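# I'd like to go over a predicted model; first the sequence, then the structure.
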Amino acid sequence: MIALDLIGIGTGNPDHLTRAAVAAMNAADLILLPRKGDRKSDLIDLRRAICAEMLTTPISTRIVEFDLPQRDEAGPYRVAVDRWHDAIARVWTARIGEHLPREGGRVALLVWGDPSLYDSSLRIAARLGAGGMALTVRVIPGITSLQALTAAHAIPLNDIAAPVLITTGRRLRDEGWPDGIDTLAVMLDGGCAFTTLVPDDVTIWWGAYLGMPHEALIAGPLVEAGPAITRARARLRADHGWIMDTYLLRRGVHDPVRDQSCVFVSGIATR
């Protein structure tokens, strides 16, 4: 029997790990760490650093790195994602078979953010069970990017007694602002979908590399902050080779902390 722990590690800051996460890491016989290529080497380096700092039993816990399969962009999006998840499941299966005894053991994966929010680790784990692996899955929750974003800007996620819709950049670009919702949390936006919106009376709070030393924040009226975010995002991606960012949009309301006639910028060098 394989016991699989999906451990949320927040934004990669070791201070974001819970005591439960640290305990799960130290209980593992095997920790699998994905490599995403040279341009995203910071991500594997952060996971290595977390293991080095948090493991109190490094002799009994084996750390194995693997190359994450690349997603084939050909064809419909959902079909491409399904193929990609199938490929990742095959890699997980192979590494578990290579490094744990036949009778099983406990394996852990360090999941960016939390496994429940716009992460596919649980879907990939389900493929292992469907493929015949005797498997139990446990989730250790982590700090999400939305928590890190609202904390960094010192704002509430929701307005009083009001709903929040969590969506993706792809859906926002294709479908526009949903009816009946004044607050949108947008994730997985590689193309600045907020530029497709009518910016009137909309405020944006944006953050990249949240919780990391090079965290970058911009907030303000979308009409002014939007272009600033687009420029900063392109520069940061060029500087680091990758970017992880998310943002909150709110219309018809105003931030009580800041004067919304101004754009707030933090952590971005100007040049």
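Looks like it came in fine.
# any idea what sits nearest Cys192, other than its immediate chain neighbours?
Thr230 (5.1 Å; C-beta to C-beta, 6 or more residues apart in numbering). C-beta coordinates here come from the backbone N, C-alpha and C atoms, glycine included.
# Mind pulling up the pLDDT for the one you found?
Looking at Thr230, its pLDDT reads 97.
# Could you verify my assumption that Val107 touches Ala3?
Yes: the criterion here is C-beta atoms under 8 Å, and Val107 meets it with Ala3 at 7.3 Å.
# When those two are compared, which one has more neighbours?
A count of neighbours by other C-beta atoms under 10 Å puts Val107 above the other of Val107 and Ala3, at 23 against 17.
# Where does the more buried one sit, in terms of helix or strand?
According to DSSP states H and E, Val107 maps onto strand 105-111.
# Report the mean per-residue pLDDT for the helix or strand just after that strand.
Later in the chain than strand 105-111, the nearest helix or strand by DSSP H and E is helix 121-130. What helix 121-130 shows for mean pLDDT is 95.
# Which residues outside helix 121-130 are in contact with it?
2, 4, 6, 85-86, 88-89, 92-93, 109, 111, 115-116, 135, 137, 139 (C-beta atoms under 8 Å, 6 or more residues apart in numbering).
# Just the closest of these to Asp67, please.
Distance to Asp67, by C-beta to C-beta, is smallest for Ile88 among the contacts of helix 121-130, at 10.6 Å.
# residues contacting the closest one?
Leu68, Pro69, Ile124.
# Make a markdown table from the residues you listed and add distance to Gly190 to it.
Below are the contacts of Ile88 laid out as a markdown table (distance: C-beta to C-beta, whole Å):
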| residue | distance to Gly190 |
| --- | --- |
| Leu68 | 17 |
| Pro69 | 19 |
| Ile124 | 21 |
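# Which segments of this protein make up each domain?
Here the domain parsing of the chain from automatic domain parsing is 2-140, 145-266.
# Please identify the buried residues of the lengthiest helix in the chain?
Assignment by DSSP state H gives helix 77-99 as the longest helix of the chain. Within helix 77-99, the residues that count as buried by 16 or more other C-beta atoms under 10 Å are Trp84, His85, Ile88, Ala89, Val91, Trp92, Thr93, Arg95, Ile96.
# Which elements pack onto the helix-or-strand element of the chain with minimal mean pLDDT?
Every helix and strand of the chain was ranked by mean pLDDT, DSSP states H and E. The lowest is strand 264-266, at a mean of 86. Secondary-structure packing of strand 264-266 (3 or more C-beta pairs under 8 Å, 6 or more residues apart in numbering; DSSP states H and E): strand 216-221.
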